[in-house]
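In: Give me a 3D structure for the following:
(2 chains)
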There are 2 protein chains.
Amino acid sequence: MTSTRTHPFDLATGLTALGDGRFTGRTTAPYANMVGPFGGITAATMLRAIMEDPRHLAQPVTLTVNFAGPISDGPFEIEARPMRTNRNTQHWSLTMTQDDEVTTTATAIFANRRPTWSLTEAVPPPAPPVAAVEPSPVPDFIAWVDNYEMRFVEGGIAEIGQGRGTSTSTLWVRDEPARPLDYPALTALSDVFFPRVMHRLSRVIPAGTVSMTVYFHATPDQLAAQADRYILATARAQHFGTGFFDQTAELWNHDRDLLVTSHQIVYYKDTPA
Amino acid sequence: MTSTRTHPFDLATGLTALGDGRFTGRTTAPYANMVGPFGGITAATMLRAIMEDPRHLAQPVTLTVNFAGPISDGPFEIEARPMRTNRNTQHWSLTMTQDDEVTTTATAIFANRRPTWSLTEAVPPPAPPVAAVEPSPVPDFIAWVDNYEMRFVEGGIAEIGQGRGTSTSTLWVRDEPARPLDYPALTALSDVFFPRVMHRLSRVIPAGTVSMTVYFHATPDQLAAQADRYILATARAQHFGTGFFDQTAELWNHDRDLLVTSHQIVYYKDTPA
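Out: Residues are numbered from 1 along each chain as shown, chains lettered A, B, ... in the order given. Take a look at the predicted model:
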């Protein structure tokens, strides 16, 4: 039984363990996208399967999720297999299936992380403090966006069609209602960006992520310190062509710590205007 | 039998099909790294397994390779499984094993690509023409580098220790001897960069890629037009911390076409100077 006070994110990523790395879950209405669930929630659920597997080692370093086919509303099964466990690193392969058809594949690496020399070479995007940026209205025909409070510094949805000459979007974002940050939530936040192609083509066209990779830089201590504060998220495309574009993204905290770098490749169909 | 004229790259990535997506290959001395083979050649070999599988569809869009454990000199086996084939996309999962132990895992997506609206938002790094940049001497204790002609514009190996204040390296590079470009070669070229951490820490320390992702933007026509000409390759790190750093890279052609964007996360051990 889930408490009525359980956060929608935890309901959406909740899994029942069947043993031997097998889990069942089900899609939830609040995280629905145009077709099937929000990709970020699927990616977060894959990561959570590993974290709920008693065989898992330490914390995630990287997760790659491949969206192989549509996920129907309803139950799904995840199989998480530890492919190799070393002293300090562990490699996982995962599949999500519905009626024995693969909808999603993933790989992940977990590792014991130790203090070392540290440096951040990337620079956070310019942004006023959270309080100086108004929450942005979001499209009411996409359910999942209601689970995030988005305060756009640049490249909000309302700017699609303005021919800005850049695909960059930058926003302060957090779960709505607010929720303490953890690795699954960071995973989902890595996918909160609307398809970059719409910003450059200046119109809404069909588009969907086919593969996303998350590199986790945040330590458990940083997650605990972050709690439920806002994250400064920024994304931009590098190349659009022959039906696919790539996106690179960063998630920063208020102290200019880089929590995540993330990349994805996205399908698009340039239907006539 | 292989001809004596076969390029070392083709020998190193050469596979014998056993059927049902199973292949055998073996490491070759020219692509040896400090320990085991050059990661780029392993990644290229994984991609080649799919391309030699008669079930494969069209061309690669993305490949993610996870280096799970050391690869010993000698034979290995690859199993390539098509996890889901749609009308225009196909998802693969792969494992490389030695003596039934997993050394490497990978996922890949292949797709039919069609002409669409196209735009490159990234900008190539400043670089003089190839002919104006001298070939750079490379360390003679690493075998694989002899398979590449490297002309460093910035951040060559000789600059490690100079405290440049950036991790960026940019070079004109091609296979040595020259070889027509194909997707496996692009994959290997995505990994030609020495560990970025050495440029920032200004000393040589243990480091190794744990996962790399390649997004292929180049079309077959672009590969054919490229032939064996030089590629402008650039890489930089974003964050170093708790034993891992990430690297983002781009491969451009002489016409300023972006052929590949690639990302990796790399382990390092900051041994005292």
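
In: for the most centrally placed residue in chain A, what are its contacts?
Out: Nearest to the mean C-alpha position of chain A, by Cα atoms, centre = their mean, lies A:Ala188 at 2.6 Å. Applying Cβ atoms under 8 Å, 6 or more residues apart in numbering or on different chains, we find A:Ala188 in contact with A:9, A:38, A:40-41, A:43-44. Every residue, glycine included, has its C-beta placed from N, CA and C.

In: wait, which of those is closest to B:Met83?
Out: Nearest to B:Met83 among those is A:Ala43, at 16.6 Å by Cβ to Cβ.

In: residues contacting the nearest residue to that closest one once chain neighbours are set aside?
Out: In space, and not counting its chain neighbours, A:Ala43 is closest to A:Val65: 4.3 Å by Cβ to Cβ, 6 or more residues apart in numbering or on different chains. Taking Cβ under 8 Å, 6+ apart, we find A:Val65 in contact with A:39, A:42-43, A:46, A:104-106, A:211-213.

In: Make sure A:Gly25 is actually in contact with A:Thr16.
Out: Yes: with contact defined as Cβ atoms under 8 Å, A:Gly25 reaches A:Thr16; the gap is 7.2 Å.

In: quick one, which of those two is more surrounded?
Out: A count of neighbours by other Cβ atoms under 10 Å in any protein chain shown puts A:Gly25 above the other of A:Gly25 and A:Thr16, at 20 against 11.

In: Quick one: residues contacting the residue nearest to the more buried one when sequence neighbours are not counted.
Out: Leaving aside its chain neighbours, A:Gly25 sits nearest to A:Leu15 (4.7 Å; criterion: Cβ to Cβ, 6+ apart). A:Leu15 makes contact with A:23-25, A:45, A:48-49, A:52, A:78, according to Cβ under 8 Å, 6+ apart.

In: Report pLDDT for A:Thr2.
Out: pLDDT, A:Thr2: 49.

In: now swap in A:Pro272 and tell me
Out: 68.

In: pLDDT below threshold where in chain A?
Out: For chain A, applying pLDDT under 70 flags the ranges A:1-4, A:272-273.

In: hey, where'd the strands end up in it?
Out: Secondary structure of chain A by DSSP state E: the strands cover A:16-19, A:22-26, A:59-67, A:75-85, A:89-98, A:101-111, A:119-120, A:148-154, A:169-175, A:207-216, A:231-241, A:244-252, A:258-268.

In: Direction included, what does the first one pair against?
Out: When sheet partners are counted by DSSP bridges, strand A:16-19 sits next to strand A:22-26 (antiparallel).

In: just the third one next, same as before
Out: Each strand pairing with strand A:59-67, determined using DSSP bridges, is listed with its direction: strand A:101-111 (antiparallel), strand A:207-216 (antiparallel).

In: nearest residue to A:Arg190 other than its sequence neighbours?
Out: Check again: residue A:190 is Ser, not Arg. Per Cβ to Cβ, 6+ apart, closest to A:Ser190 is A:Ser262, 3.8 Å.

In: pretty sure A:Asn86 is touching B:Gly69, no?
Out: Yes: under the criterion of Cβ under 8 Å, A:Asn86 makes contact with B:Gly69 at 6.3 Å.

In: No more questions from me, cheers.
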